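Asks: generate a structure from the sequence data that follows.
(2 chains)
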Amino acid sequence: MLAFRARFRGVFGMAKYPFTEIEKKWQRHWEVNKTFRVHEDYSFPKEKRRYVLDMFPYPSGAGLHVGHPEGYTATDIYCRFLRMRGYNVLHPMGFDAFGLPAENYAIQTGTHPAVTTKANIQRFREQIKALGFSYDWDREVSTCDADYYKWTQWIFLKLFDKGLAYEAEMPINWCPSCKTGLANEEVKDGECDRCHTKVVRKRIRQWVLRITAYADRLLEDLELVDWPEAVKLMQRNWIGRSEGASVRFAIASGPGQGGAAASTGQGGAAASTGAASAPVGDNFIEVYTTRPDTLFGATYMVLAPEHALVEKITTPAQKAAVEAYVEAATKKSDLERTDLAKDKTGVFTGAFAVNPVNGHQIPVWISDYVLISYGTGAIMAVPAHDDRDWDFAKEFGLPIVQVVAAEGSEEARAGTVAAEPAACTAADGVAVNSGEWNGTSTAVFKTKIIEGLESRGIGKKTVNYKLRDWLFSRQRYWGEPIPVVHCPKDGVVPLPESTLPLILPEVKSYTPTGTGESPLANTGAWLDTTCPVCGGPARRETNTMPQWAGSCWYYLRYIDPNNAHEFVQPSRLEYWMPVDLYVGGAEHAVLHLLYSRFWHKVLYDLGFVNTKEPFLRLVNQGMILGEDNQKMSKSRGNVINPDDIIREFGADSMRVYEMFMGPLEVSKPWSTAGLVGVSRFLERFWAISEALAEGTKRLVDEAPQGDLSKLLHRTIKKVTNDSDTLNFNTAISAMMILSNEAAKLEALPRSLWESMILMLGPYAPHLAEELWERTGAADTLARHPWPSWDEASCADEQKEIVVQVNGKIRERFVAPAGTAEDRLAERARALPKVLEWTTGKEVVKVVTVKDKLVNIVVKG
RNA sequence: GCCGGCGUGGCGGAACGGCAGACGCGGCGGACUCAAAAUCCGCUGUCCUCACGGGCAUGAGGGUUCAAGUCCCUCCGCCGGCACCA
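Replies: Numbering: from 1, shown residues only, chains lettered A, B, ... in the order given. Below you'll find the predicted structure:
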């Protein structure tokens, strides 16, 4: 650190204000006086209440790095600003304390995760407090406290009652390193989002939440919130709603017919052209398509290898090949199966289906490019208008029939195209090779053909989602136990609410078993229990909830953190909800933020919360990169520790610097050199205060005059507006300009000095409180009224008018504010400099902007 | 591949379609000092010019406009998301 100090500030004779003492003093003051404790005070009308929330941290062993406090500083400044503007502000903090890292660390070191988690929370709390944030610490929650997770379990029971939590034996994403199943949202590029191990498929018993039941509302209600468009878009894409049709294709009676036609690439030309009758029983293949208008171009079908019909329809001749393919597909990882670079593979089943619109018999194949988990697990293949089908058809020599042509093209006019198209296109157009429908536009045809299929009872309009149900159980120890028992007689039985919380038991070993069972499976006494229904012996559920569970609803618990009877008291909920501003990292765009919205909507439907959406406005803070412009990481050795910065420059410098770096939402590199500039700005405040104490400057009661008055009013206006809109960087810049001017004054107007201190309050609260006290103020500035400005005092009485000739600036002159535009033009044209550029040329046009500019357009 | 976002001095970044580069860092020069540190003052996009002044500049190229960093189109680069979802 000494080297650090020497490099940036010089070892000797630093002018440095005593920030360490000041910051300790005021942190103690706020804590002892509970300055930021907040109540449901009804003297504040609804519009004067704000709920400002930070994404609470996961207390890792590494402690805070400079990225963490960025969002926290932003919300803190905003909250302090709001309080001074007369708002009652709920601003809480807590800890997302269940989860894998703590557990892994515990396994490594042999300490209980509860112990390390507690220590980590302690450390985080101290580090956060060292930055002087104005949280109401009386509302702190930790998701691993039984008093908290009692209600997480309670919400789970509500989900269970509503049929939104169910057990399923299904193939899941399994991380071999974390030894647990993962939700789809936790898998990125086929890797575990946390540890980047390739996930494998594993079939085990799971708890799953029916988030898909809320897909439409999760999509629609994005309209209700003020969130970054990018995040909304990510959620929309993740939900992935599509409209199309499900269509039934009858399986052709005699296997083997037309096989030669298919293998020679002649389409269904040899098949009968009569309309097929509606299929009955399970003698059909149902597909989902978003392009029912291309039905005439469906020349083959593909089933996912796992499809139930595969076994049934495969002909004896193809049996061996099909079984081998299915076997191979099962062994492949999801990543291998979805690898786009690879060529398409597949096997013909030997069976044929009947295209319901033209009666052609088309071959049925299996291929792993069709996913069992989407739609019906089967597709009609239209190689002329789908890239994947095109590739497959080319690979296996299957027929390709064009059924859409560009509007106005020759093909469109002809209506019939005999040749195979040269390329695949998914573009809309008009129908060709589609019998009576030729010439119909794609959009119209979609509707018409669905009507037709519906009337024949073989198809209907269908909506599909990419969103899958939420895999909710983890085969790990450090999480909320799922409050159900398994009874041989009564099956899965939820615990009665009155028995909650179901305490996570102490265990000898919390090492994950890797077998698909959690360590809780080895806890004899806890495991064996009685069934709440029949009283007979039963076994507890051994899976635990994922880390996301606790964070799904923590914002609600802050409202009433100590309520032992309800998860939150309705009147308090009514007082504070919804969250007005939520600030956190963009990495939660489709994880926490989707899960949380889902739970909130369930609670809304049950009448437990009063808003459809939990978070009205969302802001993602940008990442703070290392000085090398790279992501901060231990391995790169570019991590900046806030403790060091606070020790060397003070918490206030740290806070103001992080806000001065640039806009909150963008990523930007840390620069300790840049921090020095901010530090000097704060020292200037201190120096002014010292000069006042020493008498080299004096405080005068006269109001500032002239330019100084204008600067003061303008600064108040700018800092007010910028603080309100979270543009803290430009607010700080404005304060710098004002403080530079103030430092030059020997006679400092009291109103100027006090306004400066008050505006600094939210940004550098420790220093501001100290300076405020030094002015003789009796009370903290935390709720002192924010300074106001006078609009008239902001205005210039003289304006500099820019004169352009053909858009280039040639001269400028001063005119009284509000001078008529024609008068400005007149004056501009008479200027000698302007005449140099205009004489001998024809003036085509003169554009004037009041109080700003004259542009003379000349020709020749 | 598809969908977003972003490209401005040596650096972080400012800029209702109307003076590009506020503010800060760094650099250069000066004051103070025996000297240094700290502090204060001045200069600091680039090219031409002794100067006055002028040209060129917001990733590249087009366009709209009296006027474009800002709006539109094409392209390049970086970052993020999705990835055979029929």
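
Asks: so who does residue A:412 touch?
Replies: Residues in contact with residue A:412 (C-beta atoms under 8 Å, 6 or more residues apart in numbering) are A:405-406, A:429-430, A:432, A:439. No exception for glycine: its C-beta is placed from N, CA and C like everyone else's.

Asks: just the buried residues of those residues.
Replies: With burial judged by 16 or more other C-beta atoms under 10 Å, the buried subset of these is A:405, A:429-430, A:432.

Asks: returning to what we had before: ok, the contacts of residue A:412 vs RNA strand B, which is closest?
Replies: residue A:429 (16.8 Å; C-beta to the nearest atom of the strand).

Asks: residue A:467 and residue A:211 touch, don't they?
Replies: Yes: shown here, residue A:467 and residue A:211 form a contact pair, counting by C-beta atoms under 8 Å, at 6.6 Å.

Asks: neighbour count for those two, which is higher?
Replies: The residue with more neighbours, out of residue A:467 and residue A:211, is residue A:211; 25 against 21, by other C-beta atoms under 10 Å.

Asks: contacts for the longest helix seen in chain A next, please.
Replies: As assigned by DSSP state H, the longest helix anywhere in chain A is helix A:672-694. The contact list for helix A:672-694 (C-beta under 8 Å, 6+ apart) reads A:4, A:8-9, A:15-17, A:19, A:627, A:640, A:645, A:649-650, A:652-654, A:656-657, A:660-661, A:697-699, A:732, A:735-736, A:739-740, A:742-743, A:748, A:753, A:756-757, A:760, A:764, A:767, A:771, A:774.

Asks: quick revisit: any residues in contact with both of residue A:467 and residue A:211?
Replies: With C-beta under 8 Å, 6+ apart, residue A:467 and residue A:211 have common neighbours residue A:218.

Asks: model confidence for the spatially most central residue of chain A, exactly?
Replies: Central residue of chain A (C-alpha atoms, centre = their mean): residue A:589, 1.6 Å from the mean position. Looking at residue A:589, its pLDDT stands at 90.

Asks: again with residue A:100
Replies: For residue A:100, pLDDT reads 86.

Asks: residues contacting the closest residue to it other than its chain neighbours?
Replies: Nearest non-adjacent residue to residue A:100, counting by C-beta to C-beta, 6 or more residues apart in numbering: residue A:178, 5.9 Å away. Applying C-beta under 8 Å, 6+ apart to residue A:178 gives the contacts A:100, A:192, A:194-195, A:197, A:476, A:512.

Asks: quickly list the domain ranges of chain A.
Replies: Domain assignment for chain A by automatic domain parsing gives A:49-141+A:549-622, A:151-237+A:469-548, A:242-464, A:642-793, A:796-859.

Asks: which residue does the stretch 451-600 of chain A have closest to RNA strand B?
Replies: Counting by C-beta to the nearest atom of the strand, the stretch 451-600 of chain A gets nearest RNA strand B through residue A:466, at 3.6 Å.

Asks: then the stretch 601-750 of chain A?
Replies: residue A:677 (2.3 Å).

Asks: can you check the stretch 51-200 of chain A too?
Replies: Checked against RNA strand B (C-beta to the nearest atom of the strand), the nearest residue in the stretch 51-200 of chain A is residue A:188, 4.7 Å away.

Asks: repeat for the stretch 751-860 of chain A
Replies: With C-beta to the nearest atom of the strand as the measure, residue A:807 is the residue of the stretch 751-860 of chain A nearest to RNA strand B, at 3.3 Å.

Asks: how about residue A:527: what's its closest non-neighbour residue?
Replies: Going by C-beta to C-beta, 6+ apart, residue A:527 has residue A:540 as its nearest residue, at 5.4 Å.

Asks: that neighbour: neighbour count?
Replies: The number of residues near residue A:540, taken as other C-beta under 10 Å, comes to 20.

Asks: residues in contact with it?
Replies: Applying C-beta under 8 Å, 6+ apart, the residues near residue A:540 are A:481, A:484-486, A:502, A:520, A:526-529.

Asks: which of those are buried?
Replies: Looks like the contacts of residue A:540 have A:481, A:484-486, A:502, A:520, A:526-527, A:529 buried, using 16+ other C-beta under 10 Å.

Asks: I'd say residue A:301 and residue A:287 touch.
Replies: Yes: shown here, residue A:301 and residue A:287 form a contact pair, counting by C-beta under 8 Å, at 6.9 Å.

Asks: more neighbours, those two?
Replies: The neighbour count for residue A:301 versus residue A:287, taken as other C-beta under 10 Å, is higher for residue A:287 (27 against 24).

Asks: buried set for the host helix or strand of residue A:104?
Replies: Residue A:104 belongs to helix A:100-109 when assigned by DSSP states H and E. Neighbour counts over helix A:100-109 (16+ other C-beta under 10 Å) mark A:100-107 as buried.

Asks: looking at these, spot the one nearest residue A:390.
Replies: Using C-beta to C-beta, residue A:100 comes nearest to residue A:390 of the buried residues of helix A:100-109, at 43.1 Å.

Asks: tell me the pLDDT of the residue nearest to residue A:305 when sequence neighbours are not counted.
Replies: Closest residue to residue A:305 apart from its sequence neighbours, by C-beta to C-beta, 6+ apart: residue A:329 at 4.1 Å. For residue A:329, the pLDDT comes out at 86.
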